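> quick check, what structure comes out for this input:
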Amino acid sequence: MRALWTILLLVTSNIFMTFAWYGHLKLQEMKISNGWPLILVILFSWGVAFFEYCAQVPANRIGFVENGGPFNLMQLKVIQEVISLTVFTIIATFLFKGQPVQWNHLAAFGCLILAVFFVFLK
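Residues are numbered from 1 along each chain as shown. So this is what the prediction gives:
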């Protein structure tokens, strides 16, 4: 059950992370934040990132082997990276229509899946 909670919290965290890091670009594209000074864009992103951390920190605590979770530190990091790129790709595909997924992106994702395989090898 801890593995499932860890993964769900990491997905939630990465949804917020993607919006914190790239959402302001969509707001700019929609002409909402064009006049915002950079400091306001940064504060907006920090505000969104707060919710990222509210999911990320518990995910790592719950999932970490020394806290009774199923994952060691390397496994947590690789899982987080795969989730991060998966969430980013889904959001970018739907929000940023001019950014198509190409064959080399899929090849990179395949390499990440291999990274997950290798990090879990005993």
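> phi and psi next, for Phe71.
The phi and psi values for Phe71, taken as degrees, to the nearest 10, are phi -120, psi 140.
> so who does it touch?
Ala3, Thr6, Gly63, Phe64, Val65, Ile79 (CB atoms under 8 Å, 6 or more residues apart in numbering). For every residue, glycine as well, the C-beta is placed using N, CA and C.
> ok, Thr93 next?
By CB under 8 Å, 6+ apart, the contact list for Thr93 reads Gln99, Pro100, Val101.
> give me the outermost residue of this structure relative to its centroid.
Residue farthest from the centre of the chain, counting by CA atoms, centre = their mean, is Gly35 at 27.7 Å.
> separation between that residue and Gln28?
Gly35 is 10 Å from Gln28, where distance means CB to CB, to the nearest Å.
> likewise for Leu76?
Separation of Leu76 from Gln28 (CB to CB) stands at 33 Å.
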